[in-house]
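> Next comes the sequence, and after it the predicted model I'd like to discuss.
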Amino acid sequence: MDKRKCLLLGDYTHPRFHPLQGVDQQISEILNDLLTVQCSENKKMMRIEHLASYDLCIAYNELWNETVSPQQTAGLLSYVSGGGGLIVLHTGASLTKRNELAQLIGGRFKGHTAYEPMNFKVLEHDITEGVEDFQLDEEPYHFEFDPFTDRTILLQYESEGQWLPAAWCHSYGLGRVVFLMPGHHEPSFRHPALRKLILQAATWAARIPITN
């Protein structure tokens, strides 16, 4: 039986901060037993006619200075609402510049403070099963949240005495969405906790049966 398929989107040619090189290999290794990973920097792959053949889409897009077209926006919305799985990793938060995609993802990126050692607290969910609290050097992303999304917080990070959301998941129509803040660069994806989170997020978002 053929493995399920995953589309990983990012930037090889003109990344400002977060190249897909190296990250693509790490994610392919993490998901090797579950999914065949195809990588692309072509934004047109977000159109529904391309997304429809994939069980999971992982967005590592670096689109801070680019526009997501109405057709690409509609493609992602249709894909997930129709039952597709979406994982948004770190710089994929750039998609939230569009109002429709901020609602899809569950929050709007507002900025970040300096790259630093961060303490992550793990909250209970199928995606976090077996993952302990961990530390990782990352960029602390800040988000604005709407009151309409019934999100489940998966990770929190400590900032000035507060615990702020660093990962969450929710359903959107017939599909599922996961956002994971960690993933600043290729070394981040070597951390065992993040590797397990990505694997279990993919299992949950793509509704892959767990076999023991």
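Right, received. Where do you want to start? Residues are numbered from 1 along each chain as shown.
> three-state assignment of the residue most central in space within the chain?
A centroid search over the chain (Cα atoms, centre = their mean) returns Val88, at 1.9 Å, as the residue closest to the centre. Under DSSP: H, G, I helix; E, B strand; the rest coil, the three-state class of Val88 is strand.
> ok, now Lys5?
At Lys5 the chain is in strand, as set by three-state DSSP.
> and it, what is it in contact with?
Lys5 sits next to 35-36, 38, 53-56 when contact means Cβ atoms under 8 Å, 6 or more residues apart in numbering. C-beta coordinates here come from the backbone N, C-alpha and C atoms, glycine included.
> Look at the residue lying closest to His142 once chain neighbours are set aside and report its pLDDT.
Distance criterion Cβ to Cβ, 6 or more residues apart in numbering; nearest residue to His142, sequence neighbours excluded, is Lys110 at 4.7 Å. Lys110 carries a pLDDT score of 89 in this model.
> List the contacts of Lys110.
When contacts are counted by Cβ under 8 Å, 6+ apart, Lys110 touches 142-144.
> Distance to Pro15 for those residues - can I get that in TSV?
Output for the contacts of Lys110, formatted as TSV (distance: Cβ to Cβ, whole Å):
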residue	distance to Pro15
His142	22
Phe143	22
Glu144	25
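> Give me the three-state assignment for the residue nearest to His142.
Going by three-state DSSP: Lys110 is strand.
> can you point me to the longest strand in this structure?
In the chain, assigned by DSSP state E, the strand with the most residues is strand 162-172.
> can you tell me the average pLDDT over the helix or strand following that strand?
Using DSSP states H and E, the helix or strand that follows strand 162-172 in sequence is strand 175-180. Mean pLDDT, strand 175-180: 98.
> Give the pairing partners of strand 175-180; include direction for each.
Strand 175-180 pairs in its sheet with strand 85-89 (parallel), strand 162-172 (antiparallel), by DSSP bridges.
> Tell me if I'm right that Leu101 and Leu95 touch.
Yes: using Cβ atoms under 8 Å, Leu101 makes contact with Leu95 at a distance of 4.5 Å.
> Spit out the residues that contact those two alike.
Taking Cβ under 8 Å, 6+ apart as the contact rule, the neighbours common to Leu101 and Leu95 are 68, 76.
> Distance of the closest residue to Lys3 other than its chain neighbours relative to Glu186?
Spatial nearest neighbour of Lys3, excluding adjacent residues (Cβ to Cβ, 6+ apart): Thr36 at 4.8 Å. Separation of Thr36 from Glu186 (Cβ to Cβ, to the nearest Å): 21 Å.
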